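[1] Sequence first, predicted coordinates after that:
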Amino acid sequence: MRPLKILTWHTHGSYLYYLTQVPHEFYVLSKYDRQPGYSGRFGHFPWGDNVYDLPVEEAKNQQLDCILFQDDAQFFRDQYQFLSESQRRLPRIYIEHDPPRDNPTDTRHPLDDPNVLLIHVTPFNALMWDSGRTPTQVIEHGVIPPRNVSYGGEFDRGIVVVNHLAKRGRRLGADVFTRVRKEVPLDLVGMGAEELAGLGEVQHAQLPSFTARYRFFFHPIRYTSLGLAVIEAMMVGLPIIGLATTEMPTVIDNDVSGYVDTDIDHLILRMKELLVHPSKARQLGEMAKRCAYERFHIQRFVRDWSDTFHFVAGRTGLTVVQ
């Protein structure tokens, strides 16, 4: 099959970068001011030659094979504003990046269309959303293993990677981070990290070598999808410590690849142990790396998405995938 021409949005930069490893052509909508959600082929990611910047005013004239939505505004507003009627009849996929926000068990997904395939990025998300009559499928994250980077762990500190943690509050664990930092040395990186006395943003390409020097990776987030930063840290070989919520308990095995718990005091004790016993941290990190390679390798991700694009492009009707 020839490469498909897929229209999408720059919603989550890291996810889009990994998605564009799939051997199709991706046309990413942009606006002149590169505002969030419309930055197109932009930023510090090493985009491939299969990624094209598509100004919104030119979208109606672009030959396409598939539309790939990544948030509600794109589906309920943008497709009617920027796309032609014939484009809106093309095969369509909606990626749901998050679990339901208002009610974790009884929230009906806003997408209610048997002709659109809804992709959940974790089994937890698929479990919690009421997807109704919309056909659904789970494609778990995939990450490119870093080249020429190995775990060092020489810093007697933990590393936290969250964008805009101060603004995103309790759901992302700003209070958890602040509490733990009083007892354990932690560094915070990400956009807006300076607001919590963090180190600032580290570009995606430099993140593996930057985090590899830390003893462990701490994930303070209460409720979100499985963070790509967690998987990227696992690929480096960092042991993971985090809250036993959402998908995390299925990813991290206690005393095998790290520690997850809902008792923050217990997690603090584990962090202090790893600061004192670097060999234990290295042992846990090796198992975390093995898990990441087995479950979240980019090759599996590319294969899953390739199969999905081929299915949707060639379908005569969608069926729910359990």
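    Yep, it's here. Numbering: from 1, shown residues only.
[2] Which stretches in the stretch 1-150 of the chain count as helices?
    Listed in chain order, the helices found in the stretch 1-150 of the chain under DSSP state H, counting those that start in this stretch are 13-19, 72-73, 79-82, 123-128.
[3] I'd like to know which of those is closest to residue 302.
    helix 13-19 (8.7 Å; C-beta to C-beta). Placement of C-beta: from N, CA and C, glycine included.
[4] got the contact list for that closest one?
    Helix 13-19 is contacted from outside by 8, 10, 26, 28, 43, 45-47, 97, 121, 141-144, 204, 228, 298, 301, 305, using C-beta atoms under 8 Å, 6 or more residues apart in numbering.
[5] now the nearest residue to residue 256 once chain neighbours are set aside: how far from residue 198?
    Of all residues not flanking residue 256 in the chain, residue 287 sits nearest, at 5.2 Å (C-beta to C-beta, 6 or more residues apart in numbering). Here residue 287 is placed at a distance of 28 Å from residue 198 (C-beta to C-beta, to the nearest Å).
[6] Looking at those two, which is more packed in?
    For residue 287 versus residue 198, neighbours defined as other C-beta atoms under 10 Å are more numerous around residue 198 (22 against 18).
[7] hey, where'd the strands end up in the stretch 1-150 of the chain?
    In the stretch 1-150 of the chain, the segments counted as strands under DSSP state E, counting those that start in this stretch are 5-8, 25-30, 51-55, 66-69, 92-96, 116-120, 136-138.
[8] Turn these into a markdown table, including distance to residue 129 and mean pLDDT.
    Compiled in a markdown table, the strands of the stretch 1-150 of the chain are given as follows (distance: least, C-beta to C-beta, whole Å; pLDDT from 0 to 100):
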| stretch | distance to residue 129 | mean pLDDT |
| --- | --- | --- |
| strand 5-8 | 21 | 98 |
| strand 25-30 | 25 | 98 |
| strand 51-55 | 29 | 97 |
| strand 66-69 | 15 | 98 |
| strand 92-96 | 7 | 98 |
| strand 116-120 | 7 | 98 |
| strand 136-138 | 8 | 97 |
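[9] Could you dump those into JSON lines with mean neighbour count and distance to residue 126 added?
    Output for the strands of the stretch 1-150 of the chain, formatted as JSON lines (neighbours: other C-beta atoms under 10 Å; distance: least, C-beta to C-beta, whole Å):
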{"stretch": "strand 5-8", "mean neighbour count": "22", "distance to residue 126": "21"}
{"stretch": "strand 25-30", "mean neighbour count": "22", "distance to residue 126": "24"}
{"stretch": "strand 51-55", "mean neighbour count": "17", "distance to residue 126": "28"}
{"stretch": "strand 66-69", "mean neighbour count": "23", "distance to residue 126": "17"}
{"stretch": "strand 92-96", "mean neighbour count": "22", "distance to residue 126": "9"}
{"stretch": "strand 116-120", "mean neighbour count": "24", "distance to residue 126": "4"}
{"stretch": "strand 136-138", "mean neighbour count": "19", "distance to residue 126": "5"}
